[in-house]
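coordinates only, sequence not included:
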């Protein structure tokens, strides 16, 4: 039965997340935007609180909420589970501050990766820890099949070598999920992910980046030099299955792309709400009954942006809902990521234009949100990568046909 | 199938046995060979139980016996997020999809060229029971709850066949829905039974006026009181099958106090129509409706002329047009995919190029958003929630994206898209309507 409202059972969770965003994130938003590389210590207490929110019900509030339980569709009927609740709470938290959300202990994309593909034993071993994600290399960004980092089996250990950049919270996390190739001659299929403890002596921090936005979140570059990890630090299957190809490693993305889309939806909503207030102060009210084009240009523009936001939000919820119901959502996850990523940039930048210097100056947060927004159309697969994935699926093309 | 089983009634979306009988008992299913699919859907439906009509036979009463207006109930607020149609909706959706593919699409080119939808096709749409969705059970209707989502699914499916034919076919249903939602007991008893019968009248909900920056809240059509009567002057634009209509619902500004709706029968003196063929929607044989000193009795005012009623009407019509736009946008996507895969240039399929492939991705992404925004607005309407914002956003989104998709559809076929050998040029013309139309259709 078609209903696209926030499910009633998640309303308390959404309310809690909104409170956190409003009372914890917003007041320190500017502080950590200015003090890049300073750890937001306020988050420690909050992280425990989020852990608490995750306990108790299936309504996960954080990055680990993307695990697909095999019982997902046992009831046969419609299910609203942790993918949807996670997306909903991320929207709220990123309405507060996306940089701070990315800095939340134990809420890294590495945690999502572990939750997505880890065995029960691995979950037990690595559960409760903060995990960052290390995929990108200087010569391999979107083209993750070109990864040069290697993993070589030596007795009971893998030996990792290579260079990793753009590792979100890499310095602060307890664990880093590193993508490396078991055999570079075998292409994508040989790329596996490995859990590396942050204090592993073979893992050397090179530097922390200075960025356009999400400055509360640290971005680390590492060198892996004869970095030895136990054999069971490999996530998923160790087999190089050229038929399955990249599928194993990419599986995580179907679960995490809706999360990044949710971040974008949260930032877009923050910008729209703030702008609506400013327009109201300026005597311009949004009228939903009158046609957009018979209202002031500012209203028409606002409605255009809000309509894009509405679509992005619903597409994001759709992708998460499909995951909850065990439906293959690779297409919808990429569509949501593409739509939400570009929408949040358009919305945040459009809102500054509508608000003029009030939006552009650092007195308010609109300019910050517009800087934060841009990364959301880049990481976890750029706009162009999402369009490629969508097109390949729709047109039935392989990656060698449509490059 | 116990009619007094309240639990079962509540679980159901509100289709009575009569809706299923009407659909499944129709010869149409055999004629267009879709009985198998519909029966499969019917099997699922009966397996899960559905609400049966409590009264034996029709509860239709004569005009003087209807003490108060019969209204379809709004549904209960739903707890869970869900994008799956229920069994009954799916049954309608499948039937209309098949009908659109087998009957509507093949007829579209000629209907566009001739500016007319064949009567046979319109009769078949009526036979499917689509135009009586808004009619309450008491007046011979088949649905006891408001069915905006169902209307959206049907509009979308029909417009996948052809948007102009969908407009022609669904226009009478808008009049039935308007009278059923907002009409007085007398208006209901007078007009609704004809929409539940075999011979559904051509009818139109005429709101749009021919002028730039048209705003349905600021009408130039005037209604002034003259004794107990109303006298109406003005012009309405792009009215579907204007020349054939037997019943009009007109929007007019009442003595400068704001807009309201009036019911008028086609024989009324002072009413005239003139052809107004347009860029698209040509199968709907659009025309202008001219009102010169049209005198209507006091009882012609729809309901009590409340502003809220009128606003809701505008919002419901925007959802309906969004549904049509979403359906036609999907048609563009479904058409260009095989085309760009088969068309070769420079020694390989043009879909091997990112510029082409990304355009296809964008069509898919935006049409998906259009659909979801429209579903959300409709589902809020069915649940009795405020839907002004959602209807406006669906409208804004669909107006912009529909045209972008219409244009991209032609572009992807290049010169071949510009000629009438392919339907994309027609969709280009039709999809412009998504940002222009007001009124005319309702969910």
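Great, that's in hand. Since we're looking at a predicted model, the values are computed, not measured.

What residues does the stretch 51-200 of chain B have near chain A?
Counting by CB under 8 Å from any CB of the partner chain, the residues of the stretch 51-200 of chain B close to chain A are B:77-86, B:89, B:149. Where C-beta positions appear, they are placed from N, C-alpha and C, glycine not excepted.

Now, of these, which are buried?
Burial by neighbour count, 16 or more other CB atoms under 10 Å in any protein chain shown: within these this picks out B:78, B:80-83, B:85-86, B:89, B:149.

What's the local residue count around the closest residue to chain A within the stretch 201-350 of chain B?
Residue nearest to chain A within the stretch 201-350 of chain B (CB to the nearest CB): residue B:215, separated by 4.4 Å. If you count neighbours by other CB atoms under 10 Å in any protein chain shown, residue B:215 ends up with 17.

can you pull the contacts of it?
Contacts for residue B:215 (CB atoms under 8 Å, 6 or more residues apart in numbering or on different chains) come out as A:290-291, A:294.

Out of the residues you listed, give me the one that has the most neighbours.
Across these, neighbour numbers were computed from other CB under 10 Å; residue A:291 holds the maximum, 22 neighbours.

Verify the contact between it and residue B:212 for me.
No: using CB atoms under 8 Å, residue A:291 makes no contact with residue B:212, being 11.3 Å away.

Tell me which residue in chain A sits closest to chain B.
residue A:311 (2.9 Å).

Contact partners for that residue?
Counting by CB under 8 Å, 6+ apart, residue A:311 has contacts A:339, A:343, B:366, B:368-370, B:372-373, B:397.

Closest one to residue B:410 out of these, please.
When the contacts of residue A:311 are ranked by distance to residue B:410 (CB to CB), residue B:366 comes first, at 15.8 Å.

Identify the residue nearest that closest one in space, chain neighbours excluded?
Excluding its sequence neighbours, the residue lying closest to residue B:366 (CB to CB, 6 or more residues apart in numbering or on different chains) is residue B:401, at 4.1 Å.

What's the first helix or strand after the worst-scoring helix or strand of chain A on mean pLDDT?
When the helices and strands of chain A are scored by mean pLDDT, DSSP states H and E, helix A:42-54 comes last with a mean of 78. Moving toward the C-terminus from helix A:42-54, the first helix or strand encountered (DSSP states H and E) is helix A:82-96.

which parts of the following helix or strand past that next one are buried?
Toward the C-terminal end, the helix or strand that comes next after helix A:82-96 (DSSP H and E) is helix A:98-102. Neighbour-count burial for helix A:98-102 flags A:98-102 (criterion: 16+ other CB under 10 Å).

which helices and strands sit right next to helix A:98-102?
Here helix A:98-102 touches helix A:26-34, helix A:82-96, helix A:247-281, helix A:366-376, going by 3 or more CB pairs under 8 Å, 6 or more residues apart in numbering or on different chains; DSSP states H and E.

and the closest residue to chain A within the stretch 51-200 of chain B, what helix or strand is that in?
The nearest approach of the stretch 51-200 of chain B to chain A comes at residue B:78, 4.0 Å away (CB to the nearest CB). Using DSSP H and E, residue B:78 sits in no helix or strand.

What of residue A:298?
Using DSSP H and E, residue A:298 falls in helix A:297-324.

Run through the stretch 51-200 of chain B and note the low-pLDDT ranges.
Counting by pLDDT under 70, the stretch 51-200 of chain B contains low-confidence ranges at B:51-65.

which residues touch the nearest residue to residue B:381 once chain neighbours are set aside?
Spatial nearest neighbour of residue B:381, excluding adjacent residues (CB to CB, 6+ apart): residue B:148 at 4.2 Å. Contact partners of residue B:148, counting by CB under 8 Å, 6+ apart, are B:316, B:319, B:378-379, B:381-382, B:443.

quick check, nearest of the residues you listed to residue A:354?
Closest to residue A:354, out of all of the contacts of residue B:148 and judged by CB to CB, is residue B:319, at 27.1 Å.

Please work out how many residues are found near the closest residue in space to residue B:399 that isn't next to it in sequence.
In this structure, residue B:399 finds its nearest non-sequential neighbour in residue B:435, 3.2 Å apart by CB to CB, 6+ apart. For residue B:435, the count of nearby residues is 18 (other CB under 10 Å).

contacting residues around residue B:435?
B:398-400, B:402-403.

Quick one: which of the residues you listed is the most crowded by neighbours?
The most crowded member of the contacts of residue B:435, judged by other CB under 10 Å, is residue B:398 (32 neighbours).

elements contacting the helix or strand where that one lies?
Using DSSP H and E, residue B:398 sits in helix B:388-413. With contacts taken as 3+ CB pairs under 8 Å, 6+ apart, helix B:388-413 sits against helix A:297-324, helix B:307-342, helix B:354-382, helix B:415-418, helix B:424-431.

what's the angle between the third one and helix B:307-342?
Computed with axes from the mean of the first three to the mean of the last three CA atoms, to 10 degrees, the direction of helix B:354-382 lies at 150 degrees from that of helix B:307-342.

Could you name the helices and strands sitting against helix B:354-382?
Helices and strands touching helix B:354-382, by 3+ CB pairs under 8 Å, 6+ apart, are helix A:297-324, helix A:330-355, helix A:383-395, helix B:148-161, helix B:307-342, helix B:388-413.

Tell me how far that helix lies from the chain's centre.
19 Å (CA atoms, centre = their mean, to the nearest Å).

Same question for the longest one.
Put simply, helix B:307-342 sits 10 Å off its chain's centre (CA atoms, centre = their mean).

Counting neighbours, which bits of it end up buried?
B:309-333, B:335-337, B:339-341.

I'd like to know how far residue A:377 sits from residue A:267.
Per CB to CB, to the nearest Å, residue A:377 is found 11 Å from residue A:267.

Spell out which residues are contacts of both of those two.
Shared contacts of residue A:377 and residue A:267 (CB under 8 Å, 6+ apart): residue A:344.

who's more crowded, these two?
The neighbour count for residue A:377 versus residue A:267, taken as other CB under 10 Å, is higher for residue A:267 (31 against 23).

Now for the contacts of residue B:148, which sits with the most neighbours around it?
residue B:443 (33 neighbours).

dump the residue contacts of residue 233.
Defaulting to chain A. Contacts of residue A:233 (CB under 8 Å, 6+ apart): A:158, A:194-196.

wrong one, I was asking about chain B
Here residue B:233 is in contact with B:221-222, B:291-294 (CB under 8 Å, 6+ apart).

now for those residues, which pair is the farthest apart?
Top of the distance list for these (CB to CB): B:221 and B:293, 12.5 Å.

Neighbour count: these two, which is higher?
The neighbour comparison of residue B:221 against residue B:293 (other CB under 10 Å) goes to residue B:221, with 21 against 11.

Which residue, other than its chain neighbours, is closest to that one?
residue B:234 (2.6 Å).

Given the helix or strand containing that neighbour, what are its sheet partners and their directions?
Using DSSP H and E, residue B:234 sits within strand B:229-239. Paired strands of strand B:229-239, with direction, are strand B:222-226 (antiparallel), strand B:287-296 (antiparallel) (DSSP bridges).

Identify whichever of those strands lies nearest to residue B:115.
Closest to residue B:115 of those is strand B:287-296 (CB to CB; 10.0 Å).
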